[in-house]
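K.L.:
following is a predicted model, sequence given first.
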Amino acid sequence: MVAPPSLAAPTNSTFSHLLQLCAHGGRAALASGLAAHARMLVSGFVPTAFVSNCLLQMYARCADAAYARRVFDAMPHRDTVSWNTMLTAYSHSGDITTAISLFDAMPNPDVVSWNALVSSYCQRGMYWESVALFFEMARSGVASDRTTFAVLLKSCGALHDLALGVQIHALAVKTGLGIDVQTGSALVDMYGKCRSLEDALFFFYAMPDRNWVSWGAAIAGCVQNDQYTRGLELFMEMQRSGMGVSQPAYASAFRSCAAMACLSTGRQLHAHAIKNKFNTDRIVGTAIVDVYAKANSLVDAKRAFFGLPIHTVETCNAMMVGFVRAGLGNEGMELFQFMTRSGIGFDAVSLSGVFSACAEIKGYLQGLQVHCLAMKSGFDADICVRNAILDLYGKCKALVEAYLIFQDMEQRDSVSWNTIIAALEHNGCYEDTVVHFNEMLRFGMEPDDFTYGSVLKACAALQSLEFGLMVHDKVIKSGLGSDAFVASTVVDMYCKCGMMADAQKLHDRIGRQELVSWNAIMSGFSLNKQSEDAQKFFSQMLDMRLKPDHFTYATVLDTCANLATIEIGKQIHGQIIKQEMLVDEYISSTLIDMYAKCGYMQDSLLMFEKAHKRDFVSWNAMICGYALHGQGVEALQMFNRMQKENVVPNHATFVAVLRACSHVGLLDDGCRYFHQMTTRYKLEPQLEHFACMVDILGRSKGPREALKFISTMPFEADAVIWKTLLSVCKIHRDVEVAELAANNVLLLDPEDSSVYILLSNVYAESGKWVDVSRTRRLMRQGRLKKEPGCSWIEVQSEMHGFLVGDNVHPRSRELYDMLNYLIDEMKLSGYEPDLAYLAEVAEEGSAFEQDQLLGIVGG
């Protein structure tokens, strides 16, 4: 009589089959595997070596090496499979020390045993150890198989050791595995990673059989060698061959699109992936998010991100990169919070991304918290994370913290040096920038375009032409002389050092088609008060059909402000509106400033009110504009409004405010604002602020009160302050203080002709005509000439300039006739001439000799 199935005695095949099923199910099948093992023990079943190996394999795959080791130790008979299973378990768990000891105890290791250990080294990044073990395997007489070569070639690729890879290739051919598809795919991958793409593709096309792994390796090789278009073409060729698609092929194709920021192709590939049901795959989905993020299509990136069934660290990192690239630091930080709170976790890339997000919004306190988290997790030892922390502190103006991080780094790469150099330059420590650049060279680090960009900016700020020339020489030797970014920075350096001719030569030689070079040269002309030349260059740039950007328009608007060419400014304004650039803060601030300096305060106010976002530059432009045109009350009203809206003023703001107080004669308000600088806003007054206070006190309380104020200054007065006092003396006719001020100006700058004019005006206002004459004579004897007065006016888009005594204008006869008519009209109206002004006119038209001024101003 046959027993019922439930009571039938279990057989070897029953347990082996059940345990194999559990092993394939992984950790999820551990409970079933434990139940099968319990059934085996309860039933008194004595397993064969095969069943014992199945049990061992089940624990190795479903639990961990510790569970498997208990079974292994209890096994009465162990064969090679038992040892290899245990060896593989330790290798996969990363316990390479125990794996080595087990391997050494193994009676007869075979090729599988050696492969397990070679693979373990490779997986842990110990590539040279993996290669060394292979040589030891060869010496022991064990023949390599396709798995050995695949692992070994992977190590060669990771080491970028082409010579070693070629030798392994020759050995594979010698052993007859050169035409094997698995070995062939590994060879394609190795050549691609060793930057030998042509060899990779040559071998790929010579393969008799190609599978999706081979195609994936070839496409990945193109991407690794920056041949992105070629990679996409190979992907399409793969489809035409009927091979279908694979995860690696999709991932590489999407990486190509991301590298080229090719949104349209990325969308087509996305549709292709949806059609083939790969869009929800973890790796492919991450690559899709990355494409949209790097193509600045955050709406699509978010849609792809939230469409994934499972969010991993990698997908979140791709999304965070998109946020940081788009300048959305707050969103990047929120995503990082989501990663930590939802249990997704984070890695070094996540921390680098969130530090960049903090730096984007100048989030110093948030950065400190993330820094603490990085230290707790141990990721702060990663050099990429360290560099990101360094960048954060630099951009948050925390130079002490940045320097401590830099000094504490055991390993520094070029990014580390670039970051500290950029931080020093960004925070105005220009001399330290140059010092660290020299130190970088002493450490044997090779500067790149970012290094030179920061150092050249520091040279420009220091106006150090000597060191700038040395850096330029090194740029040329390094082969970066034709790089658009570096070349434009060199042009900028020459401009700021006053070497406009050299800047123009460099621009003409290498920057004819580079917008950044045009911007640099135009900015240089504007900075050196050559606004007409800047506008000419702008016209040339347009003739070459180069499209201006925000910086171009801002620079040209600045030249319009300097020349008061309102018509050109209006045309530029029109172009800005057409190109929808008004949302840019820099552009709107420059427009406000341009209209203000051209005297169109109503238009300036209109631009100010319509600005999408107003920063302190916009407020300063309005306050300065009102102060410039003598509208002191309006300037102070604008400043009070600025304070109510919690916009923090800077040094330039207070210069404008103090000038406004001077125009209106508000002594008490001027003193209050001057005091407010240090007490409320912690701004140390500079020479410009003291000059304004000298003007306010001199006009309100007289030159002697202003002189007392100068004596209390924390530093020596410069020529501007003494000339301000000299100008005030004319109002109060204080000759004694005027002579003292003039003497101090001449001590600081003996070649300054304006002091003679100012002093003679004081003498003329006081009726001391003999002294006026003596002052003018001394000016002639010193061969000093007053810079002739110049004015200009724009009529029907044409600029008309005039100099004192000018007869070159084509309509000068009509102009002088009109001037004589106006003088006659003024005389009939009872006009009383300004005697000081007549003295100036006499100076420019007379030729009599002068006496010495030294006795007049000295005592």
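P.N.:
Thanks, I have the structure now.
K.L.:
poorly predicted segments of the stretch 651-800 of the chain, please.
P.N.:
Counting by pLDDT under 70, the stretch 651-800 of the chain contains low-confidence ranges at 781-789, 794, 796-797.
K.L.:
which residues in it form strands?
P.N.:
Ranges of strands in the stretch 651-800 of the chain, per DSSP state E, counting those that start in this stretch, are 790-795, 798-803.
K.L.:
what's the most buried one of those?
P.N.:
Across these, the average number of neighbours (mean count of other CB atoms under 10 Å) peaks for strand 798-803, which reaches a mean of 13. In short, each C-beta sits where N, CA and C put it, glycine included.
K.L.:
listing partners with orientation, what would you give for it?
P.N.:
Using DSSP bridges, the strands paired with strand 798-803 are strand 790-795 (antiparallel).
K.L.:
chain center to the strand it pairs with, what's the gap?
P.N.:
Remark: strand 790-795 is offset 42 Å from the chain centroid, using CA atoms, centre = their mean, to the nearest Å.
K.L.:
repeat that for stretch 733-742.
P.N.:
Distance, centroid of stretch 733-742 to centroid of chain: 53 Å (CA atoms, centre = their mean).
K.L.:
show me which positions of it end up buried.
P.N.:
Buried residues in stretch 733-742, counted by 16 or more other CB atoms under 10 Å: 734-735, 737-742.
K.L.:
what sits up against it?
P.N.:
Residues outside stretch 733-742 that contact it (CB atoms under 8 Å, 6 or more residues apart in numbering): 702-704, 707, 722-723, 725-726, 729-730, 755, 758-759, 762-763, 765-766, 768, 856-858.
K.L.:
likewise stretch 42-59?
P.N.:
Contacts of stretch 42-59 with the rest of the structure, by CB under 8 Å, 6+ apart, involve 9-10, 12, 15-16, 19-20, 22-23, 33, 36-37, 39-40, 67-68, 70-72, 75, 77-79, 81-82, 85-86.
K.L.:
end to end, how far does stretch 622-642 reach?
P.N.:
Start and end residues of stretch 622-642 are separated by 10 Å (CA to CA, to the nearest Å).
K.L.:
residues touching it, excluding its own?
P.N.:
Contacting residues not belonging to stretch 622-642 are listed as 592-593, 595-597, 599, 601, 604-605, 608, 616, 619, 649, 652-653, 655-657, 659-664, 666, 669, 673 [CB under 8 Å, 6+ apart].
K.L.:
using PyMOL, define a selection of the buried residues within these.
P.N.:
Listed next is the PyMOL selection for buried residues among these, using 16+ other CB under 10 Å:
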select buried, resi 592+593+595+596+597+601+604+605+608+619+649+652+653+655+656+657+659+660+661+662+663+664+666+669+673
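K.L.:
in helices only, show me the contacts of stretch 622-642.
P.N.:
Within the contacts of stretch 622-642, residues falling in helices by DSSP state H are 592-593, 595-597, 601, 604-605, 608, 616, 619, 652-653, 655-657, 659-664, 669, 673.
K.L.:
coming back round to it: mind checking which of the strands of the stretch 651-800 of the chain is nearest residue 165?
P.N.:
Smallest distance to residue 165 across the strands of the stretch 651-800 of the chain (CB to CB): 69.1 Å, for strand 798-803.
K.L.:
distance between the closest one and the chain's centre?
P.N.:
43 Å.
K.L.:
stretch 239-259 too?
P.N.:
With CA atoms, centre = their mean, you get 32 Å for stretch 239-259.
K.L.:
for it, buried residues please.
P.N.:
For stretch 239-259, using 16+ other CB under 10 Å, the buried residues are 243, 245-258.
K.L.:
one more: stretch 523-538?
P.N.:
523-528, 530-531, 533-535, 537-538.
K.L.:
closest one of the buried residues of stretch 733-742 to residue 230?
P.N.:
Of the buried residues of stretch 733-742, the one sitting nearest to residue 230 (CB to CB) turns out to be residue 741, at 74.6 Å.
K.L.:
any idea which helix or strand carries residue 404?
P.N.:
helix 399-408 (DSSP states H and E).
K.L.:
now do that helix: everything it contacts.
P.N.:
386, 389-390, 393-394, 412, 416, 419-420, 423-424, 427, 429.
K.L.:
what's the next secondary structure element after it?
P.N.:
Using DSSP H and E, the helix or strand that directly follows helix 399-408 along the chain is helix 414-426.
K.L.:
among the contacts of stretch 42-59, name the buried ones.
P.N.:
Buried subset of the contacts of stretch 42-59 (neighbour count, 16+ other CB under 10 Å): 15-16, 19, 22-23, 33, 36-37, 40, 67-68, 71-72, 75, 78, 81-82, 85-86.
K.L.:
before we move on, the earlier item: so which of the buried residues of stretch 239-259 sit within helices?
P.N.:
Counting by DSSP H, the buried residues of stretch 239-259 place 247-258 in helices.
K.L.:
how about TSV for those, with distance to residue 644 and pLDDT added?
P.N.:
Converted to TSV, those look like this (distance: CB to CB, whole Å; pLDDT from 0 to 100):
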residue	distance to residue 644	pLDDT
247	59	90
248	60	90
249	61	91
250	56	91
251	55	91
252	57	92
253	56	92
254	51	92
255	51	93
256	53	92
257	50	92
258	47	91
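K.L.:
ok, of these, which one's closest to residue 185?
P.N.:
Out of those, the member with the shortest distance to residue 185 (by CB to CB) is residue 248, at 10.3 Å.
K.L.:
quick one: the closest one from residue 802, how far?
P.N.:
From residue 248 across to residue 802, the span is 75 Å (CB to CB, to the nearest Å).
K.L.:
cheers, nothing more for now.
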